[in-house]
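Novice: below is the structure, and that's it, no one-letter string:
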């Protein structure tokens, strides 16, 4: 047996119940957001406070002012700055954001401004990275800018489809920055993804649909379903990761 490798499990939590499941199931940290169905948006101030007060687990907060692309107006950029200052003042462990230019390159000027504003929090460039033109060039820019992590599915819709690119990115990063494989990762594929890419951290939502207990006077196809991270699924993936870490 070799020396244990500390592989981290990050859970993407879009509500309080998901953050609670992550904490109870032994996840290493949370990426807190809202509106996961549109790729995640900045969580509300009330949710930030509730999660901060309830759990000791490190929390990295997503800053994304709207759904859609990652080319932001001056007003949207101002909102992002104000959100980061608020998150920093509240004492969160990290912040997650990404800004691109119209030609799908990294917006170095604006990213540099947010990096300077956010430090000493840990910094993750989110899946805006999956839309860049040249991943190898973009990665070097993010290293220069001072990011700690890049959240990516290897420029594909899922980590499984982007496995080759993810493996190349981890090798290129060479521990100068951490690549976080994301999208569609679960107990059935996490072993192959970690063993192939050699990543030190993995990002999952591990959610399930929970039928609503609310009684509504509508047809059966119009009822509510709540999407929440599953404590059982998180425990299963954490167990697999621990086994790999100690292999």
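Specialist: Here it is on my side, so go on. These numbers come from a predicted model, not from an experiment.
Novice: burial count for the nearest residue to residue 40 once chain neighbours are set aside?
Specialist: Counting by C-beta to C-beta, 6 or more residues apart in numbering, residue 40 lies nearest to residue 33, which is 3.8 Å off, once chain neighbours are set aside. The C-beta positions use only the backbone N, C-alpha and C, and glycine is treated the same way. Using other C-beta atoms under 10 Å, residue 33 has 25 neighbouring residues.
Novice: repeat for residue 32
Specialist: When neighbours are defined as other C-beta under 10 Å, residue 32 has 29 of them.
Novice: again with residue 109
Specialist: Neighbour count of residue 109, defined by other C-beta under 10 Å: 9.
Novice: other residues contacting the helix or strand residue 52 falls within?
Specialist: Here residue 52 sits within helix 45-54, counting by DSSP states H and E. Helix 45-54 is contacted from outside by 13, 15-16, 19-20, 23, 30, 32, 34, 59, 61, 86-87, 90-92, using C-beta atoms under 8 Å, 6 or more residues apart in numbering.
Novice: closest to residue 116 among those residues?
Specialist: Of all those, residue 116 sits closest to residue 87, with 14.7 Å by C-beta to C-beta.
Novice: and for the closest residue to the closest one other than its chain neighbours, the neighbour number?
Specialist: With sequence-adjacent residues excluded and distances taken as C-beta to C-beta, 6+ apart, residue 87 is closest to residue 61, at 4.8 Å. Residue 61 is flanked by 28 other residues according to other C-beta under 10 Å.
Novice: do the same with residue 49
Specialist: Using other C-beta under 10 Å, residue 49 has 11 neighbouring residues.
Novice: what's the answer for the one 4 residues further on, then?
Specialist: Here the number of neighbours of residue 53 (other C-beta under 10 Å) works out to 7.
Novice: related to what we said a few turns ago, what's the distance between the residue nearest to residue 40 and residue 51?
Specialist: According to C-beta to C-beta, to the nearest Å, residue 33 stands 11 Å off from residue 51.
Novice: any residues in contact with both of the two?
Specialist: residue 13.
Novice: so residue 234 sits right up against residue 206, yeah?
Specialist: Yes - if you go by C-beta atoms under 8 Å, residue 234 and residue 206 touch, sitting 5.2 Å apart.
Novice: looking at the two, which is more packed in?
Specialist: Taking neighbours as other C-beta under 10 Å, residue 234 and residue 206 compare with residue 206 leading, 28 against 25.
Novice: give the contact list for the more buried one.
Specialist: Neighbours of residue 206 in contact, by C-beta under 8 Å, 6+ apart: 11, 186, 229-230, 233-234, 237.
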